[in-house]
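Student: Here you go, sequence then predicted model.
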Amino acid sequence: MDLLLRDEGRILDVGCGFGLFAAYFGQTQPRRRIVGVDPDGRRVRLARRLAGDLGLRQHEFVHGDVRSAPLEGPFDAVYVLDVMHHLPYGDQPRVLERLRGLLVPGGMLLVKDITTEPRFGLLFTEALDRLMVGWREPLAYRHHREWGALLSALGFSVRIVRVPDILPYPHIVIAATKR
């Protein structure tokens, strides 16, 4: 993922959590200015503290839901790591459309998520997701070709690769460039 991100510029981290990826990506390329957004206020506070402890003063973190948080573009890149399947199925296209609107022309949207095949891998992943989030939170997985078609229809050039894993997670990485 680090190799796919730009070496500098404003980068949006959707679902930043504790800020671990923002910290890592900011340290590997110090000219990156990462803006993280997450609905968990406690995690956002920890992300701010971590960035401060590491001297990443250019990072900022927003407490809010990506669907409605006050995010001001433009961004040179956006990354969304294992978040999309936690959004309701009907919200996913609107979130991707919003993210596209926040990107500069030629900007990169990186999505790491789960595809629906092989079936055993999906069932394994869903069981672990349910252990973490319970039964009330919606989980909405899509096949990687469906993600590709959705992003293409929104005006992205799309590349999708499967990520090998020792466990049976059906991970994919989508690199989508705004046309």
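Tutor: Thanks, I have it. Residues are numbered from 1 along each chain as shown.

Student: Now the biggest helix by length in the chain: buried residues?
Tutor: Determined from DSSP state H, the single longest helix within the chain is helix 119-133. Residues of helix 119-133 classed as buried: 121-122, 125, 129 (neighbour count, 16 or more other C-beta atoms under 10 Å). C-beta here means a position set from N, CA and C on the backbone, and glycine is covered the same way.

Student: Pick the one among those residues closest to R142.
Tutor: L122 (10.7 Å; C-beta to C-beta).

Student: Enumerate the positions of the biggest strand by length in the chain that are buried.
Tutor: When every strand of the chain is counted residue by residue (DSSP state E), the longest turns out to be strand 103-114. For strand 103-114, the buried set under the neighbour-count rule, 16+ other C-beta under 10 Å, comprises 103, 107-114.

Student: ranges for the helices of the chain?
Tutor: Taking DSSP H, the helices of the chain run over residues 20-28, 41-53, 91-102, 119-133, 144-153.

Student: Give me the pLDDT value at the most centrally placed residue in the chain.
Tutor: Geometric centre of the chain, nearest residue: V80, 0.5 Å, by C-alpha atoms, centre = their mean. As predicted, V80 sits at a pLDDT of 98.

Student: so what's it bridging to?
Tutor: For V80, the beta-bridge partners under DSSP bridges are V14, V111.
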